[in-house]
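> Sequence and predicted model, in that order:
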Amino acid sequence: MTRVVVIGSGAREHALVRALRRGGGTRQIVAIPGNPGIAREARCVPAQPSLSDAALAESPDLVVVGPEAPLAEGFADRMAQRGVPCFGPLQAAARIESSKAFAKEIMLAAGVPTPRAAIFEEAAAAREHARSEGACVVKLDGLAAGKGVIVADDGAAAAAAVDELWKPGARLLIEERLRGREVSIIALCDGENVVPLPPARDHKRLLDGDRGPNTGGMGAVCPPSDATQELIDLTVRTILEPTARELARRGTPFVGALYAGLMLTAQGPQVLEFNCRLGDPEAQAILLRLRSDPLPLFFAAAQRRLAGQKPVWDSRTAVAVVLAAHGYPGAPRAMDEIHGLEALAAEEGDDLWVLHAGTKLQSGKVVTGGGRVLTVAALGAGPGQARARAYGAAARISFAGMQSRADIAAAEV
């Protein structure tokens, strides 16, 4: 029996477990640490005495890593040292997400289109440059759970953004602000070959109309209405393949999910960021559309034999809506009881998923325990129908202080 360990505790990891379960009873799925929703579908074990020790103790045939932090800390390196196949890059390649400055260096070397940027290690110099730059994007160099970026409309706002993000020992990137629509194209990568997944569009701001603070993501649609096959092919040819080649040339081949966050400009797609893993909530929408077993894909990437792999996709549109706790993206309130999950569970299937993230069990009840609490994802014949199904299901869930956006994928209709 094949034993697969999934690392993480969010809705992305719940979606990975759901997708992997499509392979039937010939495999055992273990989640570390998992969450109450995942525990209904896989065995969850604590990350003790450490994440890597817990994973190795399971004697896995494959480890699939969801979040970025373990990869940035060298989790995949420890699996490689023990000969365990891992879907997720080594620490040196994961720097493409953990260091925005490194990502810029890779893109420039590979000839990948990306906005011009300047890097600063002193707050005063960064503040002066930001003020003179005017409308720009200020980014903290390092992992920030999707919240280390501020888009400034003018010089005063840019200087204020420097002050907000600056901390001792930090590096800031001040980047040209592009105009256009954002889209994410993620590819499976085995160090050489790339297999693109369907494009998705994340909604990063907390409030409707792309207002409010940045979050880890409040919802996603897959595919967006403007994501053509021509765009996918162009992105593979000019962005994903050159990036994979440059990382391999440096002796740090990328194995896992290579995520390109793009801005669609009049001059073509430009890379705003790279991530070293599947996006959250993008993965929830993408994996809902996957009709083939993901296990052979993840194995093929981990074992450097991805060439020729062709995933099968549902032709329908997926919309994923995030339900967040009171206080998110600041300090979220915990311990609010969640209602409606049991009734909705009976209706879940291949076209409707209710995925746990920031949940925990308290006296037998499911309560909030994190910022993004649940993701509700649904398929529909188009974005309008998918939206209606996702929001219809989400409306049956309630907890005190629940936050969600009402306009996920509305612009696609």
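Looks like it arrived, so ask away.

> mind listing the helices for the chain?
For the chain, the helices defined by DSSP state H cover 11-20, 51-57, 68-72, 75-81, 91-98, 100-110, 123-133, 155-165, 229-235, 241-249, 282-289, 294-302, 341-345, 383-394.

> contacting residues around the closest residue to P253 other than its chain neighbours?
Counting by CB to CB, 6 or more residues apart in numbering, P253 lies nearest to G191, which is 3.1 Å off, once chain neighbours are set aside. C-beta: built from backbone N, CA, C; applies to glycine. Counting by CB atoms under 8 Å, 6 or more residues apart in numbering, G191 touches 244, 248, 253-255, 304.

> what about 7 Å?
The contact partners of G191, by CB atoms under 7 Å, 6 or more residues apart in numbering, come to 248, 253-255, 304.

> For it, give me phi and psi.
phi 100, psi -20 (degrees, to the nearest 10).

> in the chain, which residue is closest to the centre?
In the chain, the C-alpha nearest the mean C-alpha coordinate belongs to G279, at 1.4 Å (CA atoms, centre = their mean).

> Could you double-check that it lies in contact with R201?
No - under the criterion of CB atoms under 7 Å, G279 makes no contact with R201, lying 10.3 Å away.

> coming back round to it: ranking the contacts of G191 by neighbours, who comes first?
Taking other CB atoms under 10 Å as the neighbour criterion, F254 ranks highest of the contacts of G191 with 30 neighbours.

> quick one: that one and C189 touch, right?
Yes - assessed by CB under 7 Å, F254 is found in contact with C189 at 5.1 Å.

> list residues touching both of those two?
Common neighbours of F254 and C189 (CB under 7 Å, 6+ apart) are A244.

> hmm, back to that, and of the helices of the chain, who's closest to V312?
helix 282-289 (9.7 Å; CB to CB).

> any idea of the mean pLDDT in that closest one?
In this model, helix 282-289 has an average pLDDT of 99.

> what inclination does that helix have with respect to helix 294-302?
130 degrees (axes from the mean of the first three to the mean of the last three CA atoms, to 10 degrees).

> got a list of contacts for helix 282-289?
Applying CB under 7 Å, 6+ apart, the external contacts of helix 282-289 come out as 11-12, 15-16, 19, 184, 186, 197-198, 200, 202, 220-222, 313-314, 318-320, 353, 355, 375, 377, 379.

> which of these are buried?
Taking 16 or more other CB atoms under 10 Å as the criterion, what is buried in the contacts of helix 282-289 is 11-12, 15-16, 19, 184, 186, 197-198, 200, 202, 220-222, 313, 318-320, 353, 355, 375, 377, 379.

> mind listing which of those are in strands?
When DSSP state E is applied, those are split such that 184, 186, 202, 220-222, 318-320, 353, 355, 375, 377, 379 fall in strands.

> about what we covered before: so for G279 and R201, which residues contact both of them?
When contacts are counted by CB under 7 Å, 6+ apart, G279 and R201 are jointly contacted by S184.

> how about stretch 125-143: buried residues?
Neighbour-count burial for stretch 125-143 [16+ other CB under 10 Å]: 126-127, 129-131, 133, 136-143.

> now stretch 341-353
341, 351-353.

> before we move on, back to that, how about the residue nearest to the centre of the chain, what does it touch?
184, 186, 200, 202, 259.

> Now do the phi/psi pair for it.
phi -80, psi 160.

> bridging residues for V194?
C189 (DSSP bridges).

> Surely it touches T243?
No - checked against CB under 7 Å, the pair V194 and T243 is beyond contact range at 8.9 Å.

> Hmm, R316 and A381 touching each other?
Yes - with contact defined as CB under 7 Å, A381 reaches R316; the gap is 6.0 Å.

> Looking at the two now, which is surrounded by more residues?
Each of A381 and R316 has its neighbours counted (other CB under 10 Å); R316 has more, 17 against 11.

> how about low-confidence regions in the stretch 51-200 of the chain?
Scanning the stretch 51-200 of the chain for pLDDT under 70 picks out 145-147.

> Looking at the buried residues of stretch 341-353, which is nearest Q403?
Using CB to CB, L341 comes nearest to Q403 of these, at 17.4 Å.

> Please determine how far the closest one is located from A324.
Using CB to CB, to the nearest Å, L341 is found at 16 Å from A324.

> cool, L143 as well?
Distance, L143 to A324, by CB to CB: 20 Å.

> residues in contact with the closest residue to A170 other than its chain neighbours?
The spatial neighbour of A170 that comes closest, neighbours along the chain excluded (CB to CB, 6+ apart), is L140 at 6.3 Å. Applying CB under 7 Å, 6+ apart to L140 gives the contacts 148, 165, 170, 172.

> who does L140 bridge with?
L140 has these beta-bridge partners by DSSP bridges: L172.

> Domains in this protein, by residue range?
The record's domain parsing of the chain by automatic domain parsing lists 2-90, 116-176, 179-302, 317-412.

> Quick one, which of those domains gets closest to A103.
domain 179-302 (4.9 Å).

> first to last residue in the closest one, what's the distance?
One end of domain 179-302 sits 37 Å from the other (CA to CA, to the nearest Å).
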